[in-house]
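Trainee: Take a look and give me a structure for this.
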Amino acid sequence: MTYLHEYKILDDLIQVEYTFSTVTDGIKVVDMWVDGKDHSVNWMSHEGRAKLMARLEDDFTNRMCGTTDDESYIYDHSIDTVDPDEPTDLPGITVTDSSEPTETEWLEQKAELAVGI
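Mentor: Residues are numbered from 1 along each chain as shown. As a prediction, this is how the structure comes out:
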């Protein structure tokens, strides 16, 4: 299976078709186009190739992990707001007497949560 990664540099549209090789355990570029014209990775500088491969590895990771840089997929956390005046059973720092915990108390509670106490 191949994937198509597209991006723009200045006014040039770069399109790279790539695949993941299980033999070499890495990404292989199948084809590449710049503004619709054939392009080759071999024509790129070492630095340019390194940047392209990093970009393709990030794209592949995002595809496999279901993450993306596209902001349309970012979860809206505004619906997760908690009213501080309402009691909740959410784990976290407990505040008593309507006062904020001291830094030491806060750090101790974080440590307890981390180790599951």
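
Trainee: what's the spacing between D38 and V115?
Mentor: With the distance defined as Cβ to Cβ, to the nearest Å, D38 ends up 57 Å from V115. Quick note: C-beta positions are derived from backbone N, CA and C, even for glycine.

Trainee: what's the neighbour count on D59?
Mentor: A count of neighbours around D59, defined by other Cβ atoms under 10 Å, yields 20.

Trainee: Grab the nearest non-local neighbour of it.
Mentor: Nearest non-adjacent residue to D59, counting by Cβ to Cβ, 6 or more residues apart in numbering: H5, 4.6 Å away.

Trainee: Flag the helix or strand of this structure with the lowest per-element mean pLDDT.
Mentor: Lowest on mean pLDDT, DSSP states H and E among the helices and strands of the chain sits helix 103-115, with a mean of 76.

Trainee: Tell me who's in contact with M44.
Mentor: For M44, the contacting residues are L52, by Cβ atoms under 8 Å, 6 or more residues apart in numbering.

Trainee: buried residues in the lengthiest helix in the chain?
Mentor: Criterion DSSP state H: the longest helix present in the chain is helix 46-65. Neighbour counts over helix 46-65 (16 or more other Cβ atoms under 10 Å) mark 52, 56, 59-60 as buried.
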